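[1] Model the structure of this input:
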Amino acid sequence: VQLQAFGGGLVQAGGSLRLSCAASGQTFSIYAIGWFRQAPGKAREFVADINYASGRIYYADSVKGRFTTARDNAENTVYLQMNNLKPEDTAVYHCAAQRSAFTAYAYWGQGTQVTVSS
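    Next up is the predicted model:
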């Protein structure tokens, strides 16, 4: 499974961005796609994930009500709509794929930088 995340950029606080994660390869084996972020000097943080088949979604408390993730199975693409962005959302955002509920996120795309200015 190969993943490519894109759509990052520079935005002012209160603004919006939409990230995309395009999957290729053995996409039939994907159980879930997750979004993670890592700010400089900080540990990687879970943002949201979506079950590829059922559409079940989980969000981190820090983004609930502001971020929305959705999938387009026909296009093998998962989106992360980020609204009301805050400076603390500044990070490199990655998408990752999980093959089952009992395995780790083993497939990672390159990150895309999101910078929110105050």
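
[2] pLDDT wise, what is the closest residue to Gln12 other than its chain neighbours at?
    In this structure, Gln12 finds its nearest non-sequential neighbour in Ser117, 5.4 Å apart by Cβ to Cβ, 6 or more residues apart in numbering. All C-beta atoms are positioned from the backbone trio N, CA, C, and that covers glycine. Per-residue confidence at Ser117 stands at 97 (pLDDT).

[3] so Ser117 makes contact with Gly15?
    No: Ser117 lies out of contact with Gly15 (Cβ atoms under 8 Å); the separation is 9.1 Å.

[4] Quick check: the gap between the spatially most central residue of the chain and Ala70.
    The centre of the chain sits closest to Trp35, judged by Cα atoms, centre = their mean, with a distance of 2.7 Å. The gap separating Trp35 from Ala70 is 11 Å, by Cβ to Cβ, to the nearest Å.

[5] Find residues that contact each of these two.
    Taking Cβ atoms under 8 Å, 6 or more residues apart in numbering as the contact criterion, the common neighbours of Trp35 and Ala70 are Val78.

[6] how many neighbours does the residue nearest to Gln12 have?
    11 (other Cβ atoms under 10 Å).

[7] for it, phi and psi?
    phi -90, psi 150 (degrees, to the nearest 10).

[8] distance of it from Thr27?
    36 Å.

[9] what sits against the residue nearest to Gln12?
    Contacts of Ser117 by Cβ under 8 Å, 6+ apart are 10-13, 87.

[10] Filter these down to just the ones in helices.
    In helices, judged by DSSP state H, none of those are found.

[11] ok, of these, which come out buried?
    Val11 (16 or more other Cβ atoms under 10 Å).

[12] ok, so of the contacts of Ser117, who is nearest Tyr52?
    Val11 (28.3 Å; Cβ to Cβ).

[13] I figured that closest one hits Arg18, correct?
    No: Val11 sits out of contact with Arg18 when judged by Cβ under 8 Å, with a separation of 10.8 Å.

[14] How about Val114: what's its closest non-neighbour residue?
    Gly8 (4.6 Å).

[15] so Asp49 bridges to which residues?
    Beta-bridge pairing of Asp49 under DSSP bridges involves Gly34, Tyr58.
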